[in-house]
Structures are given as C-alpha cells and as structure tokens.
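1. sequence plus the predicted model coming up.
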Amino acid sequence: MSLRSILGGSSRVKKSSKKAGAKKSGSSAPASSSWTSPLPRRKPGAHRGKPPVGRSDEDDDGDLFNDKLDDYGLVRTLATDLNLRDTSQAVLYIRSHMFSPMPQQAAGMNSTRIAEVLSYRKRLPPIVTISHIQTLLSSPSAVEREIAQLAQAGFVRKVVIARRGRIGETLILASDFERMIKESTGLNEEARESLLAFLRENAGAQTIQRGALAASEIDQLIKAGFLTSHHTGVIHHGSISHTMSLHFRPEDKGTLTSLETVSRHATGSLGAVGGDGVVHMAGGSGGRSLGAAQAATGSTELKLAVPGSGTFLKLIAPALDHLVSLLDKSQFREAPEAVLRERWDGGVAKEEARYAAKRSRGEFAGILPGQTRKWRQFYGLSFDWVLREAVGSGLVEVFETRSVGRGVRAV
C-alpha cells in the first residue's frame, strides 16, 4: 500500500480563498470581529485641516491629532523641590537654577564665546521677581505677607522698577545689596556710609527724600546705579518699545486721568479729574499746551535701584516673548510641556538621539547648543526658569492633561 493511500488522497493542504470565506460567513461574523476597543477612536481626517495663516505643516509637531489638550485643572505650584518652605529659600533656589549648565562637549561655541557667556551670567544682579517666588510657593497672599515682614525686619529689600509690570517687582536679599554697595568702585566712603546708614534706619523704604542725603552723594549714587530719578508725569508712548509696553500695568500707562496721576491731588480739586489739560490729551482743543500740562502734573522722586537691573530686564522680556511665540506655532496656542521644552532648547534633544553614534565617535552632527537661540541670545537660560517666570507674569498657564503630562497654554 502506498503512502498516498494511507494519508487519504492529496498530499497538499488547500487554503480557502477570501471570497469563499466571505460568502460562507454571510450575516454571522466570527467572534474576533465583534471586539471593539474601549478607548474612543478618532477618524483619520476628522480633525485635520489647513493650518492657520502664517503657520506651516512643519509647525504642527506639537499638535496631537490637531485637537485641544485635555484640561483637568491648573497646577497650583511649579516647585520641584519639596524642601522649599519660605521666601529666602525660594530666592536662593531661583538664583541657582536660572541657567542651564555649560555643555561639556560639542557645545558649538569657542572659548571666547564661552567666556562671554560666563561673564554675562556673573554680571547679572542677584535679584528675583516676586511673581516668580509666588509660582514656587503655594499661597501668593502668604508670600506677600512674608515679604512685608522680612522687609520690615531688614532681611530682604523690595525694589520696584517703574512701568515694567510684574517683572519690575523684584526682591534682593539685604546682605547681597549691602555687599554690592561696599564693593562698588563708583562711590566714595562718605556716600557709601550715608546710604548704608539710611537703609538700616529705613528698612522697608523704597524711595529717598532729597533732603536725606547730600547733593554730591545723590549724584554719585545715581551714576553708580543705586538711585534712579523717577518722573511721575505723563508717558510719551511713542518712545516706548513694544516689549516694554507689553508688561505695562493699566495704572502704569500714565495719562492725566490715570490712577497714579490723580491720586496725588486733593479730592475735589481740578487735578483730581485730570487738570485743565485733560481735554487736550484726549484729542480735543485744550486751553493749555501739552508741555504745560505735563509740567503741572509731573514730579520727580528718587527711588532705590539695583545696578544691572536693566540688563536683567533686557534678558527676561525677550525670553518671555519668545516663549509665547513658541506656543503660537500650535493651532490652539497650547502644547505639552515636553514639546515646548524641546522647542525652547532648539530641537537639540531630538538631534542628539538621532546622531548619538556619530557624536560618540567625536563627529559633529546635528544641531549644536551654541547654534540655538537659547544660547545665542539668552545665554543658556533654563526652560523651567522661563516657564515659571511666564506663569508668574500671567502670560501662560500650566494645567494637567493626565495623558501627555502637563500642558502649557498661552493666556
């Protein structure tokens, strides 16, 4: 007997065709085809559309399915260090985490540029914004009370830079401020001792009366940057840049009817309603000229300042504008925090994973940190630091998504 007869005929296994299987199934489908995923599924083209004007398809890397992120509530505090308890600790923490560490290799910067970056960081004054402290601690009102108590006790010094909004409300430790005064080369011994004595006697003062110091001492302090002459009159808005006006408070946009101007006059007087030049300022035909109106309402006062505050503000304001512009690349002006961090770093993290093998051999490939805006313009400013500053300034808000981590939304 042959092997074929024992096996029962054909030695080949025949497959049923797809058409035959479909005809036999009829209305009854197999059990596996009736299973559905418990998660909601989006249609392939349900949410996709043309990008807004000014955006390209390359800018959609942060939009997940071109849909909004799930919002499960705002994040109350952005602190990652649970040891932060008071304002003094927060000030030291903010100062120590302001910049990213210098890359050890493949930085994309020569020795001259590296020295320039390090010197710039060293020149910055040891000040922090009050709004930044409020993002680290749980209660902003408690922070305000604690700052007032520490200022009256002489541990901290609150320095307000006029017409700069929340980024102009800064805080410095009293010990650091006294050290800057003692190390200043533009002051003689008399001006130095007079200012230190005034600060010890007036712990919470932010202004200095002209009679408190000699005229020669005031001139030295103004040139050294410890005093500023603040004019409380009307602002010429044509001479103010867009970056400065972006952080203005409503009361800082001084006019003849602004709160800062009318509050200096007695109730019921002509100055309390703007003076006789208010019609001219509003576009009408006033009886007095604009210069006469400004001379009548304006005054000059001396305010405490920290040398180098201008450099500090010139670094923060463009950084905040750049962070908001990165959110503008997304369709709904929001993005996951990880995506926004990658955009701030200039896509270096993505390129490092792609060219890891080449860099291990010492070959230069991908985007180097020195070629990104983070290091060219902002001297390595840390993303976490800028994000907390933007939240404190009211430009963005951070919320929980429960799927892709925390999300960041432009306000």
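-> Done, it's in.
2. next, count neighbours for the closest residue to G407 other than its chain neighbours.
-> Distance criterion Cβ to Cβ, 6 or more residues apart in numbering; nearest residue to G407, sequence neighbours excluded, is L69 at 4.4 Å. Heads up, the C-betas are built off the backbone N, CA and C, glycines and all. Residue neighbour count, defined by other Cβ atoms under 10 Å, stands at 24 for L69.
3. remind me which helix or strand L69 belongs to.
-> Assigned by DSSP states H and E, L69 belongs to no helix or strand.
4. next up, the contacts around I114.
-> 102, 107 (Cβ atoms under 8 Å, 6 or more residues apart in numbering).
5. read off the pLDDT value for the nearest residue to G347 once chain neighbours are set aside.
-> Nearest residue to G347, sequence neighbours excluded (Cβ to Cβ, 6+ apart): I367, at 5.8 Å. Looking at I367, its pLDDT reads 77.
6. just the buried residues of the helix ranked longest in the chain, please?
-> Secondary structure assigned by DSSP state H gives helix 309-328 as the longest helix of the chain. Buried residues in helix 309-328, counted by 16 or more other Cβ atoms under 10 Å: 309, 312-313, 315-317, 319-320, 322-324, 326-327.
7. near G211, how many other residues are there?
-> G211 has 7 neighbouring residues, counting by other Cβ under 10 Å.
8. any idea which element it lies in?
-> Per DSSP H and E, there is no helix or strand for G211.
9. what do you get for L78?
-> Going by DSSP H and E, L78 is not in any helix or strand.
10. residues in contact with it?
-> Counting by Cβ under 8 Å, 6+ apart, L78 has contacts 135-136, 384, 387-388, 391, 398.
11. one more pass at 10 Å, please.
-> By Cβ atoms under 10 Å, 6 or more residues apart in numbering, L78 lies in contact with 132, 135-136, 384, 387-388, 391-392, 398, 406.
12. pLDDT below threshold where in the protein?
-> Counting by pLDDT under 70, the ranges of the chain that qualify are 1-65, 230-300, 349-366.
13. report the buried residues of stretch 380-397.
-> 380-393, 395-397.
14. just the residues you listed: which are in helices?
-> Short answer: the buried residues of stretch 380-397 in helices (DSSP H) are 383-393.
15. let me know the closest of those residues to F155.
-> F155 lies nearest to G392 out of those, by Cβ to Cβ, at 21.4 Å.
16. what about the closest residue to that closest one other than its chain neighbours, which SS state?
-> Here the nearest residue to G392 in space, its sequence neighbours aside, is S131; by Cβ to Cβ, 6+ apart that works out to 3.0 Å. Three-state call for S131 (DSSP: H, G, I helix; E, B strand; the rest coil): helix.
17. now G204: how far from A148?
-> Note on G204: its distance to A148, by Cβ to Cβ, to the nearest Å, is 8 Å.
18. same thing with L187?
-> Distance from L187 to A148, by Cβ to Cβ: 29 Å.
19. of these two, which one has the most company?
-> The neighbour count for L187 versus A148, taken as other Cβ under 10 Å, is higher for L187 (20 against 13).
20. got the domain boundaries for this structure?
-> Domain ranges of the chain: 57-77+311-410, 87-235, 250-298, per automatic domain parsing.
21. which parts of this protein are strands?
-> Taking DSSP state E, the strands of the chain run over residues 128-129, 156-160, 169-173, 207-208, 227-231, 300-304, 334-336, 396-400, 406-410.
22. contacts made by the second one with the rest, please.
-> What that stands for is strand 156-160. Contacts for strand 156-160 (Cβ under 10 Å, 6+ apart): 87-88, 91, 125, 127, 130, 146-151, 168-178, 199, 203-207, 228, 230, 303-306, 309.
23. list buried residues within these.
-> 87, 91, 125, 127, 130, 146-147, 150-151, 168-174, 176-178, 199, 205, 228, 230, 303-306, 309.
24. if we can go back for a sec, pull the number of nearby residues for the residue nearest to G347.
-> I367 has 18 nearby residues by other Cβ under 10 Å.
25. quick check: it vs V117, distance?
-> Here I367 is placed at a distance of 18 Å from V117 (Cβ to Cβ).
26. can I assume P369 is in contact with S100?
-> Yes. When contacts are counted by Cβ atoms under 10 Å, P369 is listed as touching S100 (8.6 Å).
27. quickly list what's touching both of these two.
-> Common neighbours of P369 and S100 (Cβ under 10 Å, 6+ apart) are 345, 375, 380.
28. pull the number of nearby residues for the closest residue to the first one other than its chain neighbours.
-> To tie it back to what came earlier, the one meant is D345. Excluding the flanking residues, the one nearest D345 by Cβ to Cβ, 6+ apart is K374, at 6.0 Å. When neighbours are counted by other Cβ under 10 Å, K374 registers 23.
29. residues touching K374, list them.
-> Neighbours of K374 in contact, by Cβ under 10 Å, 6+ apart: 100, 319, 322, 343-346, 348, 380-383, 386.
30. got it, and P307?
-> By Cβ under 10 Å, 6+ apart, the neighbours of P307 are 123, 125, 180-181, 184, 186, 224-226.
31. ok, now A79?
-> 90, 93, 135-138, 388.
32. among those, which two are most distant?
-> So, the contacts of A79 by Cβ to Cβ: farthest apart are Y93 and S138, at 14.7 Å.
33. and these two? Which one has more around it.
-> Neighbours were tallied for Y93 and for S138 using other Cβ under 10 Å; the higher tally belongs to Y93 (18 against 11).
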